[in-house]
Structures are given as C-alpha cells and as structure tokens.
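Enquirer: build me a model:
(chains A and B)
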Protein chains: 2
Amino acid sequence: MTGDSASAQRDERPHVVIVGAGFGGLTAARQLRKAPVRVTLIDRRNYHLFQPLLYQVATAGLSPADIAAPIRHIVRSQANTSVLLGRVQSVDTARKLLKVDDREVGYDYLILATGAKHAYPNPDWEAFAPGLKSVDDATSMRARILLAFEQAEQAEDPAEQRRCLNFVIVGGGPTGVELAGAIAELARRVIAKDFRRIDTTTSRVVLLEGGPRILPALPENLSAYATRALAKLGVEVRTGDFVEEVDETGVAVGGARIESRTVLWAAGVRASEAHRWLDAESDRAGRILVGPDLSVPDHPDIFAVGDTAHVPWKDGQPIPGVAPAAKQMGIYAAKAIMARVAGRKPEAFRYKHAGNLATIGRSSAVIDFGWWRPKGFLAWLLWGLAHVYFLIGFRNKIAVMADWIWAYITFKKGMRLITGGPHK
Amino acid sequence: MTGDSASAQRDERPHVVIVGAGFGGLTAARQLRKAPVRVTLIDRRNYHLFQPLLYQVATAGLSPADIAAPIRHIVRSQANTSVLLGRVQSVDTARKLLKVDDREVGYDYLILATGAKHAYPNPDWEAFAPGLKSVDDATSMRARILLAFEQAEQAEDPAEQRRCLNFVIVGGGPTGVELAGAIAELARRVIAKDFRRIDTTTSRVVLLEGGPRILPALPENLSAYATRALAKLGVEVRTGDFVEEVDETGVAVGGARIESRTVLWAAGVRASEAHRWLDAESDRAGRILVGPDLSVPDHPDIFAVGDTAHVPWKDGQPIPGVAPAAKQMGIYAAKAIMARVAGRKPEAFRYKHAGNLATIGRSSAVIDFGWWRPKGFLAWLLWGLAHVYFLIGFRNKIAVMADWIWAYITFKKGMRLITGGPHK
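Expert: Purely as a prediction, here's the structure:
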C-alpha cells in the first residue's frame, strides 16, 4: 500500500486536485509531473477520450478503443499523481473539500476541467436528436444510423422508407460538417451493395445551419468551399433558418418540414455544472468568467480551463472550445500553481490560436492557419496527420492509421455494430 | 427497388429461411449462394460474432469490432440472399410462416441456427455472475472487471478491498480457463503499475469446476498441464465441488465461502427457445432431438443445426457445441435442402471431430487433435493462427493480429474502456 491515503497524513506537498481528464485536465496533470505537489486526477470515466475523432466512431469508421486511452495508463509513471474514478457532487470552498460520490477529498489547489455537453434550446428535443460527446453517445448514434437503413429495408410504406433514408444533422460547425460528410459516404459508398430492397445511394443527408453559413469560424471562402465539397458528397446544406421543432419523424425549419427518422444534434454545447459548485458568475453557456490567470474570482486557488472557462479573446468572442485552447489553459493553470507554490506571481494567460479546421469526407478538408489556408486533399492529409499525431497512445495511433488506410483503400467500414441494449 | 418483396410474387424458387447468423446459419447461407433457391437470413443482431474470441473483449484484449462483421457485408455478393434484422417470435408450421417481430415471413425450408445462451441452476445468480455470449455481455463484463480494481483502489475497508481483488470464474471449460488466464495476466502484468494504493499483483483468481478436472473434453494429461500452466499465471484451480450459492459478495462452494465482487459464469449453456416454437422434443439443455438428416421429427422441411440441435455422437454424448460442429451442420443442412430441391434424398449427417483446444494466457495452450496433442507455446501459436485464420473479414484478421502482436510485445491492453451506462 503506497501513495494516496497512506501518505496523505505525512505528505506535506500541496495537493492539486484536477477534475476532468479531457485535454485541459490531462495536460495540466502531465505538466505537474515533476512539480513538488501531490496530484489527484478525478474523472467519472476511466479513459481519456480523443473527442475530435468521436464522429468517426459514430459513423462506423473507428472503434471506441481507437480514440480512448485509460487515464491510469497515461499517468502511470507520474509518481506524484493518482487517479480517482468518481463523479464530483459539490465543492466546499470554505473547507477546501470536494464531495466525490460519497467521499470527501481535500485540496489546496483545484483545477476544474469538466468540459461541456451538448445543449438544446428545447430539452424535449434531446430524445429525438442525440448529440455526440461521449463514447456511449457515439455507439448509440452509430446504432441509430445503421438501424435507419435496416428499417428502410423492411418498410412497406414508401413514405416511411423515405423517412428512414433521410438524415438531418443540425449544426454547421466542424462536428456537423464531419458527421454529414461521413454519413453521406456511408450511404453512397460503404453500404451501397449491402441491401436488396433499398438503394442507399438515394439517401438524403441534410445539414442545417441557423447562421448565414457553415463553419462560421472559418473565412467565407473556406465555408463556400466546404459547402461545395459537401454537395459533391451529396449533402444538402441549408443555412439561415433555425430549427423550430424536432420530433420522432423529422424537423421543422424555416416554415418547411423535413421528414427524417434520424436527426442528429451538433448545434452548440453548454459547459458542465462546475459553475454551480462554486456558484460562480458564468456566461450564457455556463462557462465561468475567470480572471487573467484563469482563476475563479474570489477563489484564487481554483482554476477553470477548457470548456469550463470563459476567457475573453477577440471581437468580443471568448477563446473557442477547441482542444488546443484547452491544452494551453491546462498547461498555464499547472504553471500558475507551480509559480504560487514557489511564491511567485504567475503572468496572465495568453492564448495562441493554432487555427480552425474541419474535414469533409474521406479526402477533403479546410484549414485556416491564418497565414495559410489549405483546402481539399492536402488539407485532408494535414488534418489526418495532425489528428493521428495528437492521438494519445502509440497503439491507438497505429490502429487508427491502419483503419483509415484500410477504409481508404477498400471503402469498407468495419465497425458497423449495433450494440448496447435493445434498439428494436 | 429490387429483390425480396418485389420478386416475392414472381420468384418461383424455393424460399430457404435461416434463423441465426452464427457459425451454423452463416455457413448454411454461404453454402446456398449458388443454389436455385431464395435465401433469407434472419438475425436479431446486424453482425456475425466470432464467439471463440469473445473472452478477449471481456478482458480488454480486443475491440468488439475486431471479432464481429456485419452480416449484410458478408453476404452482400450473394444475389439470392437477403438479410432481415429481427427477432423470431414463433413458427406456424401448418402455414409455413415465421412471425418476425410484427411481420410474417413464409418459408419452404427452414434452418434453425439460433445458438445458445448461458444457463444457471438458479436464475437469481445471473445478476451476480454474468455470462459471456454477446458483445454487450463482453463489454459489461469488461466494465465489471475494471471497476473491481477501481473500487479496490478506493476501498477504505481492507475486507472490502480484498473482496474487490478476488475474481471467481465458475466453470472449467475452455471459456472459464481462458477468462481466468486473461484476468490473471491483466492483474499481474498489464495494469500492475497503474494503481497507487493497491497492488493488483496480489489479486486472487479462482477457477471453480464442479467435475473432477478442468477441460473435461480433453485427455487427462492435458487437463493436468492446463492446471499447472494456470497455476504459473497465479490462477487457483478448484475442482470437485459445485457452487452452492452466488450473491453480491461472493460464492459458497464445498462448504467454504469465497468473498468476491466479481463472479463470472462460464458453467454451461442452454439452447435458445427454438424448440418451443415447434414444441419439438428436446434434451435437458433445450437442444432439439433431430433425425439423421438434422431435420426436426414430423417437420421434414425444418432443420436444426449447431447449438440448437442434439445429435448423438459417442459415449452417449451429443456432438459438442463448438464452431466446427456448427459449421459442418450448416453445410450439411444446406446440401440436404439442395438435394431435396433436386429431388434426391440426402445421406445422413456425419460429424468429423476436428479436436478440442483451450488457450491459457498469452503463451500457452492445449490442443487435442486425437492423433496429435501439442501443448505450451507451440499449441498457443497454432491456436492463434487457427483463430485468426477463421476470423471472418480480412480487416479483422489484420486488426486482431496487430492487437495481439502489440499486446504480446508490450504487455499493454488498450481496450480498457468502462462503457455502457452508469456502472457507478
């Protein structure tokens, strides 16, 4: 018996508790590996998830294990770090205690990296239009998409069959664009020969964006390019109207109705409940309004990073909820704590924007580095290399690359499993 | 719109309906690909599962998609075959109709290949001692095993901690032996460095067999060898007593009690409900007592294969429930139907026993070919090659081989995901 509780009594090192092992929390933990502190990394899942590729699990391109790595395994060689699988219930800032499930965990410094979940203007819509944040979201979305084709194959009523072959993705950000492209390819190429009664190439994939254009974070010409690239894959892009209604048989948008058995939600997220724990001031999306050092006002020992934090950036917009931003904040928070421990005052956080990107199907992407804006196949290659490079865990890199190359050569997608409880 | 319903009216070819896309049903369907018949392959899952490797999914060695292939994809080039995702409710032998969910499917010939599920002497035990038959079984078993270590890491009470580090596998057949070996390796090698408070190498893995020895289907010297090989991995083998009680905190066996939070069930299976559909005579395990041509008495047009059929073999024992047996029966049933269609009388089914085998951890196995009985590393290599060879789908072969080689070199197991609903 080594470590945590045993050493808790004699261990005089400050205790840094990190809630959430996403990009922000995990990066913070790694940054602290040599610091004179004791680190406890808390997550309600036992794995770190590489969310940027989650849409490929949802569209049968990758297996969950390809984009997830056990948290314990990632930090196993960090002697000062222990991992706690659990769900934070509340924070007692006066006593500096976290309630994790039914136990109490004390902290000297706290980093909140609890991420975001998908948000709906109308909570009733979630049942009909699932979002994509967790592995379970992805596998059940995969099941829904695959079952739609099965139901179309069985449908006697042509209208119902049509409904089953219509796919609506709500939200024209990167996730929506990537889902739409992948579903169109699945329907038009991957499974085209698998059915007898239906012609899956007649599937209709509609991408709905309330704003004037998809990928609003990218320059207009890249949005336009993406729209054309999606059209080539057979995706209808519809902008300028917000969804008015979502139910079991479709969506209402711009006065029109689109019949569909498969409506997927990629329209905006909101931050986790962390701000409630501290009852801290937050923006409309629930992100805590942090100070220049990412600490929570009135709580200098508590930091918020990634999707949990609202950090002003430019044009009145906060720093975007992307992985590089979360990582930078995680590293900064760790360094700020190290500075405090060393009795120094940390400099203010400065965000370096790496750029924005989105991939469109199997051979096209758009990237905005600011100084360079590649699009098409070259951008797709860069996108693929970048994602594989950042994937945690060497095995995963190999597996993902093998799956991609295989899928690219053969147009096959092997992960077409309908699992997880009774879908019929 | 091509195929099934459209052609149903004009298609004069006999309609062969196969229920179940396991080894028996799938092999039958493939055998019929050039026959002058119309084939409908019905399964309640959309994938064929390579069950012999399911224990590796349950022990985080493989991903579900590595050992599963979409049924539609496997038979996509068989023009005379269509796939129906659904659950058979009943069979009307008078009208030659199957009730599949809420629809009726007519048949001229019917092959029942509905497999088996795990069976418990006491139904209450299932909640405490899950079995291993489906992908969902495997992922939830994986979650249970991994959560046991997490709970041990958190446990304050030493007795509870011990309970969490005790693993009991009930049933000394190949599945039990393979599970026990894999769990022992997981605890002693794979995750040994991942925890701070507990020493996972002190985990206790107990394999319980009610009979006099494990692997009863193999000759005694191989059983003895397997017992020694398991002991080397740290597995306690206990034979000669049947489990008397299973509850949330352990099992009672031979008057003694073994405390454990993780009891896994590998002690016997029983056939599906197919015999009820026909109200046919079946053995204690629910297998239909078929005739020499595998047809169901009084139903010459209905065949039962694989785990659904009781076929006398030797020493009063029926043909064992192994993949090669199911495949041979599937091929035979297909040929018998082709003979009937051609107006010929099929010869009686003859079973060629390929042998028995079991693998013990990452580098040992025992095989009984009858004429040759390799054991140890050579047997393990043969086992690995044989299984990869029989895996359906080239991609899966590559992925499985890559995962195995990787795991073999690194002792890592990457698929350690706790997924599927709230386990905490």
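Enquirer: tell me the domain ranges of chain A?
Expert: A:3-44+A:86-118+A:269-341, A:123-267+A:356-410 (automatic domain parsing).
Enquirer: export these to CSV and append columns for mean pLDDT, mean neighbour count and distance to B:Leu54.
Expert: C-beta coordinates here come from the backbone N, C-alpha and C atoms, glycine included. Shown next, in CSV, are the domains of chain A (pLDDT from 0 to 100; neighbours: other Cβ atoms under 10 Å in any protein chain shown; distance: least, Cβ to Cβ, whole Å):
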stretch, mean pLDDT, mean neighbour count, distance to B:Leu54
domain A:3-44+A:86-118+A:269-341, 93, 20, 27
domain A:123-267+A:356-410, 92, 19, 17
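Enquirer: for those, give me TSV that also has distance to chain B.
Expert: Output for the domains of chain A, formatted as TSV (distance: least, Cβ to the nearest Cβ, whole Å):
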stretch	distance to chain B
domain A:3-44+A:86-118+A:269-341	3
domain A:123-267+A:356-410	3
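Enquirer: just put those in JSON lines and tack on distance to B:Glu160.
Expert: JSON lines is the format used below for the domains of chain A (distance: least, Cβ to Cβ, whole Å):
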{"stretch": "domain A:3-44+A:86-118+A:269-341", "distance to B:Glu160": "13"}
{"stretch": "domain A:123-267+A:356-410", "distance to B:Glu160": "28"}
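Enquirer: which residue comes closest to A:Glu245 once chain neighbours are left out?
Expert: Leaving aside its chain neighbours, A:Glu245 sits nearest to A:Ala252 (3.9 Å; criterion: Cβ to Cβ, 6 or more residues apart in numbering or on different chains).
Enquirer: find the helix or strand that the one you found is a member of.
Expert: strand A:250-253 (DSSP states H and E).
Enquirer: got the CA coordinates for that strand in PDB?
Expert: Taking Å, rounded to 0.1, in the frame of the first residue of the first chain, the C-alpha atoms of strand A:250-253 are listed here in PDB:
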ATOM      1  CA  GLY A 250     -38.400  14.900 -38.500                       C
ATOM      2  CA  VAL A 251     -37.700  18.600 -38.100                       C
ATOM      3  CA  ALA A 252     -39.500  21.800 -38.800                       C
ATOM      4  CA  VAL A 253     -37.200  24.500 -40.200                       C
END
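Enquirer: what does it rub up against?
Expert: Applying Cβ atoms under 8 Å, 6 or more residues apart in numbering or on different chains, the contact partners of strand A:250-253 are A:129, A:163, A:166, A:168, A:170, A:208, A:238, A:241-246, A:257-261, A:263.
Enquirer: go again using 7 Å as the cut-off
Expert: For strand A:250-253, contacts defined as Cβ atoms under 7 Å, 6 or more residues apart in numbering or on different chains pick out A:163, A:168, A:208, A:241, A:243-245, A:257-260, A:263.
Enquirer: now, those that are in helices?
Expert: Per DSSP state H, helices hold the following members of the contacts of strand A:250-253: A:Arg163.
Enquirer: can I get the contacts of strand A:250-253 in a markdown table including distance to A:Arg72?
Expert: What follows is these, written out as a markdown table (distance: Cβ to Cβ, whole Å):
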| residue | distance to A:Arg72 |
| --- | --- |
| A:Arg163 | 45 |
| A:Val168 | 39 |
| A:Leu208 | 41 |
| A:Asp241 | 47 |
| A:Val243 | 41 |
| A:Glu244 | 46 |
| A:Glu245 | 45 |
| A:Arg257 | 49 |
| A:Ile258 | 45 |
| A:Glu259 | 47 |
| A:Ser260 | 41 |
| A:Val263 | 37 |
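Enquirer: ok, which pair from the contacts of strand A:250-253 is furthest apart?
Expert: Longest distance between any two of those is 20.4 Å, between A:Arg163 and A:Asp241; criterion Cβ to Cβ.
Enquirer: for A:Leu112, give me phi and psi.
Expert: In terms of degrees, to the nearest 10, the main-chain angles of A:Leu112 are phi -100, psi 110.
Enquirer: nope, A:Leu54 is what I was after
Expert: Dihedral angles (degrees, to the nearest 10) for A:Leu54: phi -60, psi -30.
Enquirer: so how far is B:Ala58 from the closest residue to it other than its chain neighbours?
Expert: Among residues not flanking A:Leu54 along the chain, A:Ala138 sits closest, at 5.1 Å (Cβ to Cβ, 6+ apart). In this view, A:Ala138 and B:Ala58 are 21 Å apart by Cβ to Cβ, to the nearest Å.
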